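>>> Task: produce atomic coordinates for the following.
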Amino acid sequence: MSSKSALKARPESAPSKASSRPTLLLAWYDRHRRRLPWRAAPGEVSDPYRVWLSEIMLQQTTVKAVGPYFEKFVARWPDVTALGSASQDDVLRMWAGLGYYSRARNLYACAVAVTREHGGVFPDTEEGLRALPGIGPYTAAAIAAIAFDRHTMPVDGNIERVVSRLFAVEDELPAAKPLIQQLATTLLANARAGDSAQALMDLGASICTPKKPACALCPFTEDCIAHAKGTQETFPRKAPKKSGTLRRGAAFVVTRGDELLVRSRPEKGLLGGMTEVPGSDWLAGQDDATAKRQAPKLKGLSRWQRKVGVVTHVFTHFPLELVVYTAKAEARTRAPEGMRWVPTGTLADEALPNVMRKVIAHALDPPPDRSS
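Numbers count the residues shown, from 1 in each chain. Below you'll find the model as predicted:
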């Protein structure tokens, strides 16, 4: 089905069914809505701060992973003014492990902007929200709809899946996004825009799942074109992913008693501002000898020992392999410029990205006992 024909699907039944879809959707939502820590209970007014915080955290991340982080954030910073008065380092530490760290920097910048420029009150329009740091079209629409009931439909991955199946959108993603956005808007109720959006999100998460959707429980069962054809699991259509080129490098884990040598990454760029152990550049085709020449220089350092195996990690645009070298420094050895010693017992408080946690665990993992 082409982009144009998707809008004209099953014209003989479209008018009556199209008009009833928003009502069917909200009726289903009122019975089956998920309980989420950031979601207002029925009859309650949504808190824009909690809506915004959850939407930023949920980008590229699952609800299950976000839950504990959300609870920690609101316990420490219960409103946007409190978050905007914190330090970026504290925010990064609290975020560590959630991934996609540019979100944390943008989160902090947005909190500062709302606190200083808007008196701690979020703008209530898409236009006003999009002017804030880290808020793009989707997030602005989500906050506007859910927190302020603006008549707009945000389209996340769950909604893309529901809509592409309901209308059997043959166009491939990402080219199909404008059409899916247009079709999703037809599912908005005249009132309760935020509930309409959350209903579609819940439908995609719990019923219209990527594999083995529970079509018999869906409010759109009789109206879904893909279900009628038995092709629901083939939607949404997606263009083949281009895998990034493998990059390689080395990580250097230096201990001084119960302390570890670390440094902070540059503010801009991948993992900006996060804590890491010293390492080489991450380059395609880099050989071990070249990587090892980038080891930090310290006086009184033992010989470098290469750990068996490699640490692997996959970023959005490329996979990474790191060889890990370990060495021990003498007591009172000074850290090189731009680096610092931190107690290994306080590493949980450092803003360590997952790849660095893997490196440290690999380096400090004791060898197996082969004496038995």
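>>> now Q232: how far from P219?
For Q232, the distance to P219 equals 15 Å [CB to CB, to the nearest Å]. Heads up, the C-betas are built off the backbone N, CA and C, glycines and all.
>>> Please, which helix or strand holds the closest residue to T234 other than its chain neighbours?
Once flanking residues are discounted, T234 sits nearest to A226: 7.5 Å by CB to CB, 6 or more residues apart in numbering. According to DSSP states H and E, A226 maps onto helix 225-229.
>>> downstream neighbour of that helix in the secondary structure list?
Assigned by DSSP H and E, the successor of helix 225-229 is strand 247-256.
>>> Show me what secondary structure element comes after that next one.
Next element after strand 247-256 (DSSP H and E): strand 259-264.
>>> Now do the buried residues in that next one.
Under the neighbour-count criterion of 16 or more other CB atoms under 10 Å, strand 259-264 has E259, L260, L261, V262, R263, S264 buried.
>>> try stretch 226-242
Of all the residues in stretch 226-242, those buried under the rule 16+ other CB under 10 Å are A226, H227, Q232, F235, P236.
>>> what mean pLDDT does it have?
The average pLDDT within stretch 226-242 is 93.
>>> Pull that stretch out as CSV, backbone CA atoms only.
What follows is stretch 226-242, C-alpha atoms only, in CSV (Å, rounded to 0.1, in the frame of the first residue of the first chain):
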residue,chain,number,x,y,z
ALA,A,226,-2.8,-5.9,9.0
HIS,A,227,-4.7,-8.2,11.4
ALA,A,228,-7.3,-8.9,8.7
LYS,A,229,-4.5,-10.0,6.4
GLY,A,230,-2.6,-11.9,9.1
THR,A,231,0.5,-9.7,8.5
GLN,A,232,0.5,-7.7,11.7
GLU,A,233,4.0,-9.0,12.8
THR,A,234,5.5,-7.6,9.6
PHE,A,235,4.7,-4.0,10.5
PRO,A,236,6.1,-1.5,10.8
ARG,A,237,8.2,-1.9,7.7
LYS,A,238,11.8,-0.8,8.3
ALA,A,239,14.7,0.0,6.0
PRO,A,240,17.7,-2.3,6.7
LYS,A,241,19.9,-0.9,9.4
LYS,A,242,23.4,0.1,8.6
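>>> what's the distance between it and the middle of its chain?
The chain centroid and the centroid of stretch 226-242 are separated by 24 Å, computed with CA atoms, centre = their mean, to the nearest Å.
>>> what does stretch 244-263 give?
25 Å.
>>> got the end-to-end distance for it?
Using CA to CA, to the nearest Å, the end-to-end distance of stretch 244-263 comes to 27 Å.
>>> So which bits of that stretch are buried?
Across stretch 244-263, burial judged by 16+ other CB under 10 Å covers 247-256, 259-263.
>>> Point out where the stretch 251-372 of the chain drops to low pLDDT.
Residues of the stretch 251-372 of the chain meeting the criterion pLDDT under 70: 366-372.
>>> Swap in 50 and give it another go.
Within the stretch 251-372 of the chain, the stretches with pLDDT under 50 are 367-372.
>>> How is the chain divided into domains?
Residue ranges for the domains of the chain, per automatic domain parsing: 3-155+170-204, 247-364.
>>> Out of the ones you listed, which gets nearest to S164?
domain 3-155+170-204 (6.0 Å; CB to CB).
>>> related to what we said a few turns ago, the residue nearest to T234 touches Q232, doesn't it?
Yes: at 4.2 Å, A226 and Q232 qualify as touching, with contact defined as CB atoms under 8 Å.
>>> so what sits against both of these two?
Common contact partners of A226 and Q232 (CB atoms under 8 Å, 6 or more residues apart in numbering): R165.
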